[in-house]
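# pasting the sequence and the predicted coordinates here, then a few questions.
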Amino acid sequence: MNPFDILVSIIFGFCLIRGIFRGLVKELSSIIGVITGYYAAYSYYPHVAKFLSKWISVVDYSRLIGFLVIFIGVFLIISILGVIIKYLMSIAFLGWTDRISGGIFGLIKGLLIASVLFIVFTTFLSKNASLVKDSVVAPHLSHFSTQMAKIVNKDMKHEFTEKFEGLKKAWKKH
């Protein structure tokens, strides 16, 4: 297992446990936050990257940081809205149903987060970056991630697809 595999395992474990403890309502708002954050990040990261280029001279890093700043910001805002909505509604699915449903949604959120990381690392790191190429989990994540990558902007999709083809060849050698 390499650092990417460890990161994905931690994300899945954390999201599952957190989902069980938080319940369905809060987890659902978190999933909406991940999806909306992903959409906003791939739509607007070039603008933030351009702004960050004043301080970060490496283009790949400014793009990566720009993407992550937008993604995390939108995710946090929507998660906070979910907490407020649950509080205002004061309707909670009490008991094991809420917790089991929260755990399932937590796993789905973990899959979404790991897929976003796979797309971002594949797109913004060099073709020969061992972080994704030598990963045990990345080939399994790639099935879901390639579907998610279909909705990103044209330039990012092209760069992801090009580098992903190289990864598939490298994985076949293992």
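Structure's in. What do you need?
# for residue 20, pull up the helix or strand it's in.
helix 3-22 (DSSP states H and E).
# what angle do the next helix or strand after that helix and helix 3-22 make?
Sequence-wise, the next helix or strand downstream of helix 3-22 (DSSP H and E) is helix 24-52. Helix 24-52 runs at 140 degrees relative to helix 3-22, counting by axes from the mean of the first three to the mean of the last three CA atoms, to 10 degrees.
# where in this protein is pLDDT low?
Residues of the chain meeting the criterion pLDDT under 70: 90-95, 174.
# the spatially closest residue to residue 29 that is not a sequence neighbour: which element?
Distances taken as CB to CB, 6 or more residues apart in numbering put residue 82 closest to residue 29, at 2.2 Å, once the chain neighbours are dropped. From N, CA and C alone the C-beta is placed, and that goes for glycine too. Residue 82 belongs to helix 59-89 when assigned by DSSP H and E.
# what packs against that helix?
Helix 59-89 sits against helix 24-52, helix 96-124, with contacts defined as 3 or more CB pairs under 8 Å, 6 or more residues apart in numbering; DSSP states H and E.
# nearest to residue 154 among those would be which one?
Ranking the helices and strands packed on helix 59-89 by proximity to residue 154 (CB to CB) places helix 24-52 first, at 10.7 Å.
# got the buried residues for that closest one?
By neighbour count with 16 or more other CB atoms under 10 Å, helix 24-52 contains the buried residues 24-35, 37-38, 40-42, 44-46, 48-49, 52.
# sorry, back to before: now do the contacts for the residue nearest to residue 29.
25, 26, 28, 29, 30, 32, 33 (CB atoms under 8 Å, 6 or more residues apart in numbering).
# does the second one touch residue 102 like I think?
Read it as residue 26. Yes: when contacts are counted by CB atoms under 8 Å, residue 26 is listed as touching residue 102 (7.2 Å).
# adding distance to residue 146, write the helices and strands packed on helix 59-89 out as CSV.
Listed next are these as CSV, based on distance: least, CB to CB, whole Å:
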stretch, distance to residue 146
helix 24-52, 14
helix 96-124, 9
